[in-house]
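>>> Sequence isn't available, so here's the structure alone:
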């Protein structure tokens, strides 16, 4: 943005340089101390401490470990900014001095970035309240990875009991494995619906030396794993985006015993409700058919573990915020991206409020490494994705851009004074 552009109060962002060292220290501390879904007590305590110091009305323990801060600053719209807090059960492989200190746990999806950036924006917006009018809600959500954090906060009375005012708009961002300093957006459906299923195949166990006396659930479940891949390849049109992944397979405990059951966990990603229904029905049909073909003593059991809706961006809010993004960052740093087959529950916060949502992506990878991999056609091979044990965003300019984006987005929707 040029100095002559007075449509945006750039002075709100001026203190960021002086605050950046503290934000970097915060990020590294959060990364070193990852907490799983609904266990984010240490993170939540630090969030609450900082929000209180910045003058927000703070509520803790919403939906278990959720935290909100409300800053009322005269008449105007209610703008909700959201960050998720939970880590993943992933053992970190990244060689950084602030690597996870908790065995088997890691911030492998960048939620530590999200928390840091939103706290930075909350600080700047509180200090710069002379430049805007309205009500700011900052929400730190547990258990996004479990698919139940937003729902838990809503069920705990987030809006219904007036724990926060009902927002007029919901804004959120997610760090992604492309060049740091960039902002990506997707109009309309930007992230997939997700269904996670647990399927239990029942067999009849026995000695490994006498398989003829058993009904082998390992073979049964293995046949299902192979056959279920045909759903996308042969039952869904190429124009429809669908992913079916078997991510967990547990059966037996030793080599010479055929177990009596096998338990699989399956993830389904889709964008169209009719396609989703068809895929889930096909998975159920194949599971039953493989059990019948194996002579199983009873039908398989399917349990729904979690379910995310499609994340849909509002066209008007997206264009309005992007206008300020382009003015502030420059048009070359804001680009359109394809819908992602990952999933999110931030949309529930907007749907429950009957409010529009804008959810964008924040670049987090070393820009030069990203450009090199892109030029070589090796993005998938050379740039770790979210949930990888190697996924650790570069600190700068990721944090700077993330704080700026949340701040600019909020100011775009809040009233001027």
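Nice, thanks for sending it over. Computed from a prediction, not measured in an experiment: that's the story for all the values here.

>>> who's in contact with residue 38?
Residue 38 is in contact with 64, 65, 86, 142, 143, 146, 149, 152, counting by Cβ atoms under 8 Å, 6 or more residues apart in numbering. Where you see a C-beta, it was placed from the backbone N, CA and C, and this is true even at glycine.

>>> does residue 258 really touch residue 209, like I thought?
No: using Cβ atoms under 8 Å, residue 258 makes no contact with residue 209, being 9.7 Å away.

>>> So for those two, which sits in the more crowded spot?
The residue with more neighbours, out of residue 258 and residue 209, is residue 258; 22 against 8, by other Cβ atoms under 10 Å.

>>> Counting neighbours, what do you get for residue 144?
Neighbour number of residue 144 under other Cβ under 10 Å is 24.

>>> Need the nearest residue in space to it, chain neighbours excluded.
Nearest residue to residue 144 in three dimensions, chain neighbours excluded: residue 84, at 3.7 Å (Cβ to Cβ, 6 or more residues apart in numbering).

>>> Run through the bridge partners of that neighbour.
Note on residue 84: beta-bridge partners by DSSP bridges are residue 141.

>>> contacting residues for it?
111, 114, 115, 140, 141, 142, 144, 145, 149, 346.

>>> my read: the last one touches residue 357, true?
Same thing as residue 346. Yes: judged on Cβ under 8 Å, residue 346 makes contact with residue 357 at a distance of 6.9 Å.

>>> got the residue ranges for the helices in this structure?
Under the criterion DSSP state H, the chain carries helices at the ranges 16-32, 41-53, 111-127, 149-155, 217-228, 230, 273-293, 315-329, 346-353, 367-375, 379-382, 398-413.

>>> Serialize these to TSV and add fields for mean neighbour count.
Compiled in TSV, the helices of the chain are given as follows (neighbours: other Cβ atoms under 10 Å):
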stretch	mean neighbour count
helix 16-32	17
helix 41-53	18
helix 111-127	25
helix 149-155	23
helix 217-228	20
helix 230	13
helix 273-293	17
helix 315-329	18
helix 346-353	22
helix 367-375	14
helix 379-382	12
helix 398-413	25
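
>>> Any chance of JSON lines for those, columns mean pLDDT and distance to residue 78?
Shown next, in JSON lines, are those (pLDDT from 0 to 100; distance: least, Cβ to Cβ, whole Å):
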{"stretch": "helix 16-32", "mean pLDDT": "98", "distance to residue 78": "24"}
{"stretch": "helix 41-53", "mean pLDDT": "98", "distance to residue 78": "17"}
{"stretch": "helix 111-127", "mean pLDDT": "98", "distance to residue 78": "14"}
{"stretch": "helix 149-155", "mean pLDDT": "97", "distance to residue 78": "16"}
{"stretch": "helix 217-228", "mean pLDDT": "98", "distance to residue 78": "45"}
{"stretch": "helix 230", "mean pLDDT": "96", "distance to residue 78": "48"}
{"stretch": "helix 273-293", "mean pLDDT": "97", "distance to residue 78": "30"}
{"stretch": "helix 315-329", "mean pLDDT": "96", "distance to residue 78": "14"}
{"stretch": "helix 346-353", "mean pLDDT": "97", "distance to residue 78": "9"}
{"stretch": "helix 367-375", "mean pLDDT": "93", "distance to residue 78": "36"}
{"stretch": "helix 379-382", "mean pLDDT": "91", "distance to residue 78": "39"}
{"stretch": "helix 398-413", "mean pLDDT": "97", "distance to residue 78": "9"}
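
>>> okay, these in CSV with distance to residue 166 next?
Shown next, in CSV, are the helices of the chain (distance: least, Cβ to Cβ, whole Å):
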stretch, distance to residue 166
helix 16-32, 29
helix 41-53, 20
helix 111-127, 19
helix 149-155, 11
helix 217-228, 42
helix 230, 46
helix 273-293, 26
helix 315-329, 16
helix 346-353, 5
helix 367-375, 39
helix 379-382, 40
helix 398-413, 14
